[in-house]
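Visitor: model this:
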Amino acid sequence: LIEHELVDRYIYYLQRYIPYDKQKDAKDDVLAILGDRLPEIYTEEDIKKELNRMGNPYEFAGAYSEAGNFLLSGKNYEIFKAFLKILSFSALVGIILFTFNYFSRFHGTSLFDILKSLVISIFVLSLLPSWICEKIKTTKILNALMEDWDIENLFESKNLKLENYEIGLLIVKFSMYFILQIYILTASINISIVTYSFVMILFFINVLSTNLKFSENTILSKTMYVEYFVDIFSILSLIIITSYFMPRVFAIKFIILCNVINLILNTYTISKSKNILLSRKKRRKNRKRNKKDRD
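Guide: I've put the predicted structure just below:
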């Protein structure tokens, strides 16, 4: 059962937004229910019938969802906590690297004000993207629950596997953004508030696109294209900023490098997802053809 395509789709949508520690229980319960209801020798039509009987997976998932804090729930609350840790560690790395490279810039600058700005940035960049993802999740679930549900509404899933080096790439990029933030805050020459605000907006949309990817957790999601756009936009924006508004410090070069690497990785992922979609269409055609032949 666990390897059956329809069951795999159902479990994916069931687990999509519930907390990680409840996902295995939800999966085991679905398999147990199917195991009890299906005959010893079952067909695909039997599986379809029982999955339809179980109902919309989002509705089924309600029993495993739990309220979080800060208007977040389930998986998005866990992502919020994860980003608090990732961004806090990135900020620490950024402070250490900045101290080694630009220690003299701390002279005449309030260290308390800098730390306060970093703490506010960490909290806002953790909470706001997670809240946006929560609203997107809620909208999707409500739309799905309002429609007449059928097993054919499910799409083939392909979970997004996040490797350790990808987490490392995120930490490097976020650390460089924190260095850039401190660099502007401690600048002896005049760097306008508009430039500072735009850099922080770039930082925000990079965190948001990553948050969306974690929340959706599938290579077939359109959020992959959002991240693709964000990488290109960030690269072009940073090139323009360093050409006209501020020096090209090493942090900007590293951010551009991280965006380029991420573009390459996403290009591979998107091409892989297209192959999955094409193979799905082919299987659908083959099933229709086989059904006509049987008729």
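Visitor: ranges for the helices of the chain?
Guide: Here the chain has its helices, by DSSP state H, at 5-15, 20-37, 44-54, 57-61, 74-102, 111-146, 164-185, 193-216, 223-244, 250-294.
Visitor: output the ones you listed in TSV; the columns should cover mean neighbour count and mean pLDDT.
Guide: For glycine as for every other residue, the C-beta is placed from the backbone atoms N, C-alpha and C. Output for the helices of the chain, formatted as TSV (neighbours: other C-beta atoms under 10 Å; pLDDT from 0 to 100):
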stretch	mean neighbour count	mean pLDDT
helix 5-15	19	79
helix 20-37	14	84
helix 44-54	15	82
helix 57-61	19	79
helix 74-102	18	89
helix 111-146	16	85
helix 164-185	20	90
helix 193-216	19	90
helix 223-244	16	88
helix 250-294	14	70
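Visitor: right, and residue 186 touches residue 102 too?
Guide: Yes. Residue 186 is within contact range of residue 102, at 7.2 Å (criterion: C-beta atoms under 8 Å).
Visitor: residue contacts, residue 98?
Guide: Contacts for residue 98 were tallied using C-beta atoms under 8 Å, 6 or more residues apart in numbering; they are 105, 178-179, 182-183.
Visitor: and the two most separated of these?
Guide: Comparing every pair within these by C-beta to C-beta identifies 105 and 178 as the most remote, at 14.3 Å.
Visitor: returning to that earlier point: closest one of the contacts of residue 98 to residue 167?
Guide: For these, the closest approach to residue 167 (C-beta to C-beta) belongs to residue 178, at 16.5 Å.
Visitor: with adjacent residues omitted, what lies nearest to the closest one?
Guide: Take residue 178 and drop its neighbours on the chain: the residue closest to it by C-beta to C-beta, 6 or more residues apart in numbering is residue 94, 3.2 Å away.
Visitor: and the gap between the one you found and residue 173?
Guide: For residue 94, the distance to residue 173 equals 11 Å [C-beta to C-beta, to the nearest Å].
Visitor: swap in residue 54?
Guide: Counting by C-beta to C-beta, the gap from residue 54 to residue 173 is 42 Å.
Visitor: now the residue nearest to residue 178: how far from residue 77?
Guide: Counting by C-beta to C-beta - residue 94 and residue 77 are separated by 26 Å.
Visitor: what does residue 192 give?
Guide: 37 Å.
Visitor: what's the answer for residue 28, then?
Guide: 23 Å.
Visitor: over to residue 206?
Guide: Relative to residue 77, residue 206 is positioned 21 Å away (C-beta to C-beta).
Visitor: same question for residue 109.
Guide: 36 Å.
Visitor: ok, now residue 190?
Guide: 41 Å.
Visitor: with residue 38 instead?
Guide: When C-beta to C-beta is the yardstick, residue 38 and residue 77 sit 35 Å from each other.
Visitor: how about residue 50?
Guide: From residue 50 to residue 77 the distance is 32 Å (C-beta to C-beta).
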